[in-house]
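# prediction below, plus the sequence it came from.
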Amino acid sequence: MQRDRPTTDGAVFEARHISKAFAGVQALVDVSLTLRSGAVHALMGENGAGKSTLMRVLGGLLRADSGEILLGGRPILLRSPQDASRHGIAMIHQELLPVPDMTVAENILLGREPASRLVGWIDRRAMQREARRLLDLLEADLPLQWKMRRLSVAQMQTVEIAKTLGQDARVLIMDEPTAAISQREVDALFRVIATLRDRGVAIVYITHKMDEVFRIADTITVLRDGSHVGTCPAGEIDRQALIALMVGRSVDDAAVRPRACRGKVVLTVRGLSRAGAFQDVDFELRRGEVLGITGLMGAGRTELLSAVFGLVPADAGEICVAGQPVRIRRPADAMRHGIGMVTEDRQGFGLIHTMPVKHNMTLAALGGYCRGPFIRHAQETAAAEAGIAALGIKTAGARQAVGELSGGNQQKVVLARSLLADPSIVLLDEPTRGIDIGAKAEVHALIARLAEEGKAVVLVSSELPEALALSDRLLVMRQGTVAAELDPSHTTQEEVLRYAMPR
């Protein structure tokens, strides 16, 4: 892999010598990137490597401290997303940006609403037709009239992708577009990418999923610690060499976790239902067990865990902890019964962005760091610093605002907070979403360690290799019901998908 700036022959879009610092922390150091028409350029690196910062500069969301951007060989100035859009640059953001009280159709056509013959009025029928066309490209059957706040993270991600596809861009930046969607939606997105490439669109693709990179990328650039490590054709580097460039060391793929010697039942769910989300779900969870739950987008996985934790309670059914029926109507009820949760929606439920890392991390167990009405700040800081070290969170310190961290490091803060209260039952909803391959291996090891320590773990994952490698049992959900219970050591991804597909 070459370690100098890539050649600019035939370039349609260039970033040259881009540098950017935040609060004294250098996020980008003299980074250059060249895009070509009709090619997919994968941008790889660990969390905190500078990928999203670079893309935010190219999308007009941030101003670089130094460097220049050229389109078609001519320098351009990007002072806002509107500037980027005028130059034909569109971006799918890693962190979702929905307008929650507007409909799916309104979000997809936001800023591009078709006008009716009456001046100042929107052609609602044309809006519905265009929104449906864009969703059909992704093979997504979402109700156009639903408000965005009703959607799951995966459904919001689909809307974000559809919105960007409608912008007819010359340069398309995709920052973790498949982080929240299941394999069927991924396959549909890749078919759209192939079509866009054939039309001459230059595509930047950021992901932590190695199989995706080698499936669609023409060129790969690696960043590490804010600096350009190298660029090469995708066909000239293998998986292990790419990982080593990203993390500076070799990292093994997730190994199959030794199956647990399961203990007594600690959580029982009987007939749990919520209208429009899931119906009549039964399962048991034992001490020292990892129970995997998988399925396609909209299968009801997240909604099920949200009900068990009290984020959105069930309408019917029973939850028992250690054999005793419990009433869980809010998260505080769940935590009193020793249940902790890592939500897939770290933005909506997981973090308070303006607060420091340490306050976000200790919120669930703050009582343990208080003397009467007063917080013992030294103990709180020590606990936060221990969590930072344990999960390898890249931060300037416990007092840095959590909103300034990369998406993957924010996810680690949510993980650390959930474990700080020492729950006996741990609900993990897509815990490796947006986490780089090195950190993902650490999270896999953490899940195995939790089971070995006797914790009972429910793992919701859209990544079938992850679910099969880590689970003792695997529930496959389909359209709100449990379609199958499988032994991960005696099944395949193909069998899981057969049960997951709608009928």
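Noted; the coordinates are in hand.

# where does the chain dip in pLDDT?
Along the chain, segments meeting pLDDT under 70 span 1-10, 23-24, 249-261, 345-350, 434, 503.

# domain ranges for it?
For the chain, automatic domain parsing gives the domain ranges 11-247, 288-315+328-500.

# now do the first one: distance from first to last residue.
The separation between the terminal residues of domain 11-247, taken as C-alpha to C-alpha, to the nearest Å, is 28 Å.

# reformat the domains of the chain as TSV; add mean neighbour count and distance to Ala275.
Bear in mind the C-beta positions are built from the backbone N, C-alpha and C, glycine included. Compiled in TSV, those are given as follows (neighbours: other C-beta atoms under 10 Å; distance: least, C-beta to C-beta, whole Å):
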stretch	mean neighbour count	distance to Ala275
domain 11-247	18	13
domain 288-315+328-500	20	6
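
# and Leu267, which of these is closest to it?
Leu267 lies closest to domain 288-315+328-500 among the domains of the chain, at 5.4 Å (C-beta to C-beta).

# centre of the chain to that closest one, how far?
13 Å (C-alpha atoms, centre = their mean, to the nearest Å).

# and if you look at stretch 315-324?
30 Å.

# and that stretch, C-alpha only, in CSV?
Provided in CSV are the C-alpha atoms of stretch 315-324 (Å, rounded to 0.1, in the frame of the first residue of the first chain):
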residue,chain,number,x,y,z
ASP,A,315,-49.3,-4.3,26.4
ALA,A,316,-49.6,-7.9,27.6
GLY,A,317,-47.6,-10.8,29.0
GLU,A,318,-45.4,-11.5,32.0
ILE,A,319,-41.8,-10.9,33.0
CYS,A,320,-40.3,-12.8,35.8
VAL,A,321,-36.9,-12.2,37.4
ALA,A,322,-35.4,-15.1,39.5
GLY,A,323,-38.8,-16.8,39.3
GLN,A,324,-40.8,-13.8,40.6
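
# start the count at 109, not 1, going forward
That works, and once the first residue is 109, the last one we named lands at stretch 423-432.

# helix/strand/coil for Ala407?
Following DSSP: H, G, I helix; E, B strand; the rest coil, the label given to Ala407 is coil.

# any idea how far it lies from Leu605?
Between Ala407 and Leu605 the computed distance is 12 Å (C-beta to C-beta, to the nearest Å).

# and for Val465?
For Val465, the distance to Leu605 - C-beta to C-beta - is 39 Å.

# what's the answer for Met469, then?
From Met469 over to Leu605 (counting by C-beta to C-beta), the distance is 37 Å.

# what distance do you get for Asp191 to Ile314?
Distance from Asp191 to Ile314, by C-beta to C-beta: 21 Å.

# then Ile269?
14 Å.

# now do Leu186
Distance of Leu186 to Ile314, computed by C-beta to C-beta: 18 Å.

# ok, Gly180 next?
When Gly180 is compared with Ile314 (using C-beta to C-beta), they lie 23 Å apart.

# cool, and Phe482?
44 Å.

# the nearest residue to Met152 once chain neighbours are set aside pairs with what?
Using C-beta to C-beta, 6 or more residues apart in numbering and skipping the chain neighbours, the partner closest in space to Met152 is Val330 (5.0 Å). Taking DSSP bridges as the rule, Val330 bridges to Met152, Gly338.
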